[in-house]
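> Structure, please.
(one chain, ligands or ions: 2)
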Amino acid sequence: MSIRPFLTTHIPINLPPLRPFHTDRMAALTFHPAACFFPRPREAAATTKQPLHHYCSPLRTLVPRTTRPCLLRARSSNGLPQTGGASFGSSNEVLDGTPTGDGAPGQGQRGGSTVSITVVGASGDLAKKKIFPALFALFYEGWLPEHFTVFGYARSEMNDQELRNMISMTLTCRIDKSENCGDKMEQFLKRCFYQSGQYNSEEGFAELDRKLKEKEAGRLPNRLFYLSIPPNIFVDVVRSASRTASSSSGWTRFIVEKPFGRDSESSGELTRSLKKYLVEEQIFRIDHYLGKELVENLSVLRFSNLVFEPLWSRNYIRNVQLIFSEDFGTEGRGGYFDNYGIIRDIMQNHLLQILALFAMETPVSLDAEDIRNEKVKVLRSMRQLKLEDVVVGQYKGHSKGGKSYPGYADDPTVPKGSVTPTFAAAALFIDNARWDGVPFLMKAGKALHTRRAEIRVQFRRVPGNLYRRNIGADLDKATNELVLRVQPDEAIYLKVNNKVPGLGMRLDRSNLNLLYSERYRREIPDAYERLLLDAMEGERRLFIRSDELDAAWAIFTPALRELEDRKVAPELYPYGSRGPVGAHYLAANYNVRWGDITSDDDGAF
Ligand SMILES: NC(=O)C1=CN([C@@H]2O[C@H](COP(=O)(O)OP(=O)(O)OC[C@H]3O[C@@H](n4cnc5c(N)ncnc54)[C@H](OP(=O)(O)O)[C@@H]3O)[C@@H](O)[C@H]2O)C=CC1
Ligand SMILES: O=C1O[C@H](COP(=O)(O)O)[C@@H](O)[C@H](O)[C@H]1O
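Numbering: from 1, shown residues only. Ligands and ions are numbered 1, 2, ... in the order given. As a prediction, this is how the structure comes out:
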């Protein structure tokens, strides 16, 4: 829902900030779209069964629009908090605690609002590796509200202390701000609790509800459930938790982890099942690549720099490459992976989401729905992937330097004779006016020679290039290339032709390089931090809407089905190699050379 009418008519934009601003030179007072908004009527209705009122920040209690000023949120332009939690600080409590006097939800609530985050599947890999550490990082940086509680829920028998011990093993302090880290950890762990229960058990979640209420202590309760569990139990959890552990008067949201089905049909079925218990506005489908700094920056780069947007079309761009590689195999996750394969694991979600952001038209605003509307349009303009435009591979065992690396098929959890691809390359097309005929090439693989994720934009050659003699026969070698390196060593660099200093006229291709570690001397937050915070704030921009998901599956489902029906044998590639040569033939069909096979160092022609 657009925030515009509210913005123009109701926000006193000259309000002083709630706390003094940080002196950060990048500080900018920005209106945070989640801070003030009309209620999402269906979400509010579904969760509160109360009359609809205007919210002033979903993390704060309900405040009637007519009597409460909305809060402007101070965020530096690089996303760091300005005041160590300005948006949930004690000033909010003054607002929250004031009786509304009109029967609005929140009246009679004691001491403001609270947020409870329940990590379902707390004993699992993702919870330990990413979710608890991200929550701690948010706490450490002052982004969590004053009143918050973290609960772990899983079948494993554990008490609160055992959960805390488990979590503490993976918490780390910010490299650049390690002071008081031990104290902060202790404070954070004291807010962590555990409830053991079955995933389909309403009693289990009712018990959780009882404990949550105890911690909420009469404050307006807002509840976030993170489903960090295998997909076959998503619906069980949503059914049980929504029935017995929903917030009685605040919001209740569910973050759902991928995979969202394995094709159009199963994804549609999952969506329908979830919607029996939740409305779309309560469902936060996470794609953690959307939370990565460079992916967030894609739109900034494009829409706030005049030099890029005019070039962003078939007129100047020859091809776009989306590349993901990992230098390790499925180690330990073979059982899960075999049911999905690399196309579903990486391409259909992470790479396709990046592609949609890259290729979309300028959205009407930065509002979540405006952005997601544009992404859906791109996805719906895409051609279904054809089998002849796909190459699949699977890694095999390899020995190097006296060390041997197991093949995918050596994993005991992988069924014998599996043809599941651990590598794939694909050529995709967007049949719209902007991108007609431009190949979007994707490449994703496990157990390759390096860990890397990047977007490469190869531009067309300069017509009638005056310097063609200096460049040599292959003019495509001298075209500009813009690279957004998502990870590791985040960077944006542009390959330009340049004169090598000297009396002669020798050219080379050099990089104009924006290396984040040199430019910004601060740690880049993990994607899960950004996404968790957004979910708490009700900011949906970086989450996948159900129509986006449908459109994404429509592109890949036919080719996936054919691959499986025909049991297409993957090309084997050695662990630690650059992947199957078939990927080069596929690119060559479209006159493309993968940008990552040449060195990124500046080089002579
Ligand atoms: N791990 C990762 O890096 C990533 C994971 N994901 C997704 O996140 C979700 C969680 O992943 P991950 O943590 O690796 O998953 P796990 O396999 O570690 O499972 C999480 C927890 O769920 C419970 N569980 C596991 N299998 C079953 C089962 N068959 N039936 C019932 N409960 C079960 C276990 O808890 P208990 O036995 O205590 O109940 C387990 O600790 C998945 O949807 C995954 O696809 C997405 C991106 C990356
Ligand atoms: O979603 C997934 O992502 C990870 C890679 O994430 P990254 O942030 O470490 O790049 C991948 O290993 C996993 O297979 C996949 O499910």
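> Near Arg566, how many residues? Count them for me, please.
For Arg566, the neighbour count with other C-beta atoms under 10 Å is 10. In short, each C-beta sits where N, CA and C put it, glycine included.
> Next up, phi/psi of it, please.
Main-chain dihedrals, Arg566, degrees, to the nearest 10: phi -90, psi 0.
> now it, nearest residue through space, not along the chain?
In space, Arg566 comes closest to Leu387 once its chain neighbours are excluded; the distance is 8.0 Å by C-beta to C-beta, 6 or more residues apart in numbering.
> What about that neighbour, how many residues nearby?
15.
> again with Pro488
11.
> what residues are up against the residue of the stretch 201-350 of the chain found nearest ligand 2?
Of all residues in the stretch 201-350 of the chain, Asp345 sits closest to ligand 2, at 4.7 Å by C-beta to the nearest ligand atom. By C-beta atoms under 8 Å, 6 or more residues apart in numbering, the contact list for Asp345 reads 259, 337, 444.
> Okay, the second one and Tyr408: tell me how far apart.
So that's Phe337. Here the criterion is C-beta to C-beta, to the nearest Å. By it, Phe337 lies 8 Å from Tyr408.
> Would you mind listing the residues touching both of the two?
Counting by C-beta under 8 Å, 6+ apart, the residues touching both Phe337 and Tyr408 are 330, 414, 420, 422.
> Let me know the pLDDT of the spatially closest residue to the second one that is not a sequence neighbour.
In other words, Val414. Setting aside the residues directly before and after it, Val414 is nearest to Gly334 in space (C-beta to C-beta, 6+ apart), at 4.3 Å. On pLDDT, Gly334 comes in at 86.
> now swap in Arg545 and tell me
At Arg545, the model reports a pLDDT of 97.
> burial count for it?
For Arg545, the count of nearby residues is 20 (other C-beta under 10 Å).
> Identify the residues contacting it.
280, 285, 372, 376.
> Let's have these in TSV, adding secondary structure, pLDDT and neighbour count.
Shown next, in TSV, are the contacts of Arg545 (DSSP: H, G, I helix; E, B strand; the rest coil; pLDDT from 0 to 100; neighbours: other C-beta atoms under 10 Å):
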residue	secondary structure	pLDDT	neighbour count
Glu280	helix	94	17
Arg285	strand	98	22
Arg372	helix	98	21
Val376	helix	98	19
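> Name the nearest of those residues relative to ligand 1.
Among the contacts of Arg545, Arg285 lies closest to ligand 1 (C-beta to the nearest ligand atom), at 11.4 Å.
> ok, for Ser168, nearest residue in space, not its chain neighbours?
Spatial nearest neighbour of Ser168, chain neighbours left out: Leu189 (6.2 Å); criterion: C-beta to C-beta, 6+ apart.
> Ile229 now?
Closest to Ile229 by C-beta to C-beta, 6+ apart is Gly121, at 3.6 Å.
> any idea how far the one you found lies from Phe260?
Per C-beta to C-beta, Gly121 is found 16 Å from Phe260.
> Which of the two has more residues huddled nearby?
Phe260 (26 against 23).
> so how far is Leu503 from the more buried one?
Between Phe260 and Leu503 the distance is 61 Å, computed by C-beta to C-beta.
> Now do the helix or strand where the residue nearest to Ser168 lies, average pLDDT.
Assigned by DSSP states H and E, Leu189 falls within helix 181-190. Across helix 181-190, the average pLDDT comes to 93.
> go on, stretch 400-409?
93.
> The residue nearest to Arg566 reaches Asp565, doesn't it?
No - Leu387 lies out of contact with Asp565 (C-beta atoms under 8 Å); the separation is 10.1 Å.
> Now do the phi/psi pair for Pro439.
Dihedral angles of Pro439 (phi, psi; degrees, to the nearest 10) stand at phi -70, psi 130.
> Done for today, thanks.
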